[in-house]
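> show me how the following folds:
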Amino acid sequence: MSTTAELLKGAAELFPDEVVTQAHVRHFDLPLGAGRFALITLDNGLDHTKPTTFGPQSLANLDAAIDQVEKEAADGEIAGVGVTGKPFIFAVGADLKGVELLKEHEHALAIGKGGHEVFKRLSQLAVPTFAYYNGAAMGGGVEVGLHCTYRTVSAALPAFSLPEVFLGLVPGWGGCTLLPNLIGADRAVTVVIENSLNQNRQLKGKQVYELGIADALFEGADFLEQSLVWTASVLKGEIAVERPAIDRGEAWDQAVARGRFIADSKVHGAAPAAYRALDIIAAAKNGDLQQGFDAEDQALADLIMGGELRAGIYAFNLVQKRGKRPAGAPDKSLARPVTKVGVVGAGLMASQLALLFLRRLEVPVVLTDIDQERVDKGVGYVHAEIDKLLGKGRINQDKANRLKALVTGVLDKAEGFADADFVIEAVFEEIGVKQQVFAEVEAVAPAHAILATNTSSLSVTEMASKLKHPERVVGFHFFNPVAILPLLEIVRGEKTDDASLATAFAVAKKLKKTAVLVKDAPAFVVNRILTRFMGEIQNVIDEGTPVEVAEKAVEPLGLPMSPLVLLELVGPAIGLHVSETLNKAFPDRFKVSPNLKAVVEAGKRGFYVYDSGRPELDPEVAALLKQGDVVLTEDQVRARVLDAVAQEIGLMLDEGVVAEAQDIDLCLITGAGWPFHLGGITPYLDREGVSERVNGKRFLQPGVASVPA
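So this is what the prediction gives:
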């Protein structure tokens, strides 16, 4: 048995639930008389929606297939070897289910070495090797192709990425070393660092080709056939693949510096993966591939045994699994069909909602407001956004015309909502106004219609309390921007019935939103946690800590933006309103900042100005601030903020606001953009010892988002 086989056999025992990928070898004669060819197809035997992954046994199967073709190549029986995937999926990388079970550094190191030892054999065969990216390729799926001599890609390929840094790893089977040596350091930094830290941005097939990762691009319908014809031409010398020379001078160093700037702006040094990847890319400048592979092995092992990777996998599983099977959702068979949607209001938020319902449900959508000018503006917004989609080629002219015809606006709710199945309000955040709106809608909408509120903090139960049928009122809280943030907090009022709730979840699924069931509690989940978080920042500023110290204190969390920049995005007036709502409910923990109130009364849109290109405290806001004389250090501010958040989450779980801590994290990741490397928030609080210090216990069991005991 070879050293590689022994390594993989030992590692396989650590992956008891591996979905094993087979590596089937078939032979045929290439066109144009180019000779006999061996094609290795990666296939896990599951349906075409289930990704193909690489665990130890899967790598061993590929290793065995390479054994076979290696002998054939050495004996001159074949002219080349290709690697492709099952229909629509090439391969999506390492088996993360197994990785998170690893307890020892040496086991993690074995996984890195095992992948390298198998993949690099493709570059050592006596004949040229070809990777045919026929479908989704991520992580190790991308890397196995990088070890080949040539690559083709399907124009229909929907997703191609090296997402490891996003999860808290590095591309550890050749990505950090081979990619910059193939396409240059700057483009490699874009794929490995920039795309990954931008919420795992995916490349399409054409982009893969344009970056120089693939040597040829073919249409999806006959991709493999065209790839084989191209392969034959390459082997016969009729096509010569020319790649531009790699700049190994100052441009390489500038690319790495750009990567460090991106990493600093995204994670502020709080997560090590991006920096480890950049170190390897920097070292790859000398072209020593084995040195790079060794560095990848070490980085991979170190990061696998770290908290960020475990939190990243935990976050990934939350979004991919728990987010698609919401805890506590009623039986979906109770859901009623929705064939028409009404929207009360025609302002920006209401118009965004109308556009979303229109695009996803493709049913009639009608907006109402208090005057014709507002109604026309709302409908005009939707039409303009449809025209933008048309201009970008996202939809064709027929669909644009159809969608525009489906959206209308009226002043009379009776006219607009008489046959609506689902009516959502997005009016001024004041309980009396919303109660009046629902009374008017109830009087004209069908008896089965769902009445949904987009309130961010008010009581759904109180909103429904004066209706004849409060059981059909449900909270439907979106996050801004509506088209981008996936979270939808679905709030069950005290009298909301199962059918109404089931319909709300069914609609959320059609809207392609991540729905989380939330108890009717002040500010629900995201706004309550963020208000406590930002409220504590505001408190220390009010007490005397300089703004820049308070802001910088939480940088080690690696949040997508600072607290006061987030406040600017939300809007100081909305932030003030939510804090006032929570102050009424929990006056001992939520204060109303006099400085924030002064900023809102002065009509300021935020604390900062950007005249220099970066945020600087607005002199007019600085003049408004009235501060005490208690000045805290960054460490003191961070401890105080984290303690406050841990306390609030503990209380929310005790109150049953959500089913489990996992729902808190899912909400923060999908509704507030909190980073995967934190796992939301509770794994970080556990890892830093804050949970036990404040609540006397961890939020998650040992081994969940952490190294198993």
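> buried residues in the longest helix seen in the chain?
In the chain, assigned by DSSP state H, the helix with the most residues is helix 634-655. For helix 634-655, burial by neighbour count (16 or more other C-beta atoms under 10 Å) applies to 634, 637-646, 648-653. (Glycine included, C-beta is placed from N, CA and C.)
> do stretch 155-170 as well
Neighbour counts over stretch 155-170 (16+ other C-beta under 10 Å) mark 156-157, 159-170 as buried.
> end to end, how far does it reach?
One end of stretch 155-170 sits 27 Å from the other (C-alpha to C-alpha, to the nearest Å).
> what's the average pLDDT for it?
For stretch 155-170, mean pLDDT rounds to 94.
> same question for stretch 637-654.
pLDDT averaged over stretch 637-654 gives 98.
> same question, stretch 275-283
Mean predicted lDDT for stretch 275-283 stands at 98.
> try stretch 232-245
Averaging pLDDT along stretch 232-245 yields 95.
> quick one, grab the pLDDT at the closest residue to V525 other than its chain neighbours.
Residue nearest to V525 in three dimensions, not counting chain neighbours: C667, with 4.4 Å by C-beta to C-beta, 6 or more residues apart in numbering. pLDDT for C667: 97.
> three-state assignment of C667?
helix (DSSP: H, G, I helix; E, B strand; the rest coil).
> wait, isn't it in contact with L488?
No. Using C-beta atoms under 8 Å, C667 is not in contact with L488, being 10.0 Å away.
> ok, how many other residues are close to Y133?
Neighbours of Y133 under the rule other C-beta atoms under 10 Å: 28.
> partners of it in the sheet?
In this entry, Y133 is beta-bridged to V153, by DSSP bridges.
> and it, what's its pLDDT?
Looking at Y133, its pLDDT stands at 98.
> who touches it in this structure?
90, 145, 151-154, 157, 160, 205, 208, 214 (C-beta atoms under 8 Å, 6 or more residues apart in numbering).
> counting only helices, which of these make the cut?
145, 205, 208.
> please report which of those has the highest neighbour count.
G145 (30 neighbours).
> surely that residue touches R151?
Yes. Counting by C-beta under 8 Å, G145 does reach R151; the two are 5.2 Å apart.
> joint contacts of these two?
In contact with both G145 and R151: 131, 133, using C-beta under 8 Å, 6+ apart.
> so which helix or strand takes in F37?
strand 36-43 (DSSP states H and E).
> mean confidence (pLDDT) on that strand, please.
Averaged over strand 36-43, pLDDT sits at 97.
> may I have the helix or strand harbouring I280 exported as PDB, CA atoms only?
If you go by DSSP H and E, I280 is part of helix 273-283. Extracted in PDB, the C-alpha atoms of helix 273-283 (Å, rounded to 0.1, in the frame of the first residue of the first chain):
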ATOM      1  CA  ALA A 273      -7.700  32.800   7.500                       C
ATOM      2  CA  ALA A 274      -7.400  35.700   5.100                       C
ATOM      3  CA  TYR A 275      -4.000  36.600   6.400                       C
ATOM      4  CA  ARG A 276      -2.700  33.000   6.300                       C
ATOM      5  CA  ALA A 277      -3.900  32.700   2.700                       C
ATOM      6  CA  LEU A 278      -2.200  36.000   1.800                       C
ATOM      7  CA  ASP A 279       1.100  34.800   3.300                       C
ATOM      8  CA  ILE A 280       1.000  31.700   1.100                       C
ATOM      9  CA  ILE A 281       0.200  33.800  -2.000                       C
ATOM     10  CA  ALA A 282       3.000  36.200  -1.200                       C
ATOM     11  CA  ALA A 283       5.500  33.200  -0.900                       C
END
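> farthest out from the centre of the protein, which residue is that? Tell me.
What lies farthest from the middle of the chain is D75; by C-alpha atoms, centre = their mean that is 48.1 Å.
> that residue and A126: what is the separation?
9 Å (C-beta to C-beta, to the nearest Å).
> same check on A282?
According to C-beta to C-beta, A282 stands 33 Å off from A126.
> could you do E308 as well?
Using C-beta to C-beta, E308 is found at 42 Å from A126.
> more neighbours: these two, which one.
Ranked by neighbour count (other C-beta under 10 Å), E308 and A126 place E308 first, with 26 against 14.
> gap between the residue nearest to the more buried one when sequence neighbours are not counted and K509?
Nearest non-adjacent residue to E308, counting by C-beta to C-beta, 6+ apart: G168, 3.8 Å away. Going from G168 to K509 by C-beta to C-beta gives 29 Å.
> closest to the centroid, which residue in this structure?
For the chain, the residue lying nearest the average C-alpha position, counting by C-alpha atoms, centre = their mean, turns out to be Q199 (4.7 Å).
> which of the three states applies to Q199?
Put simply, Q199 is coil when judged by three-state DSSP.
> looking at it, it is touching P163, isn't it?
No. Counting by C-beta under 8 Å, P163 is not a contact partner of Q199; they are 9.9 Å apart.
> show me the shaky parts of this structure.
Within the chain, the segments meeting pLDDT under 70 span 1-12, 709.
> let's see 80
Low-confidence segments of the chain (pLDDT under 80): 1-14, 16, 48-49, 100-101, 560, 708-709.
> that older thread, want to throw the contacts of Y133 into CSV with distance to F586?
Converted to CSV, the contacts of Y133 look like this (distance: C-beta to C-beta, whole Å):
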residue, distance to F586
F90, 51
G145, 55
R151, 58
T152, 60
V153, 55
S154, 55
L157, 50
F160, 47
G205, 52
V208, 51
A214, 56
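> from the residues you listed, which is closest to C176?
Top of the list for closeness to C176, among the contacts of Y133 and by C-beta to C-beta, is G145 at 15.2 Å.
> how about the closest one, what does it touch?
Counted by C-beta under 8 Å, 6+ apart, G145 has contacts 83, 90, 131, 133, 137, 151.
> in PyMOL, how would I select the buried members of the residues you listed?
Buried subset of the contacts of G145, written as a PyMOL selection, criterion 16+ other C-beta under 10 Å:
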select buried, resi 83+90+131+133+137+151
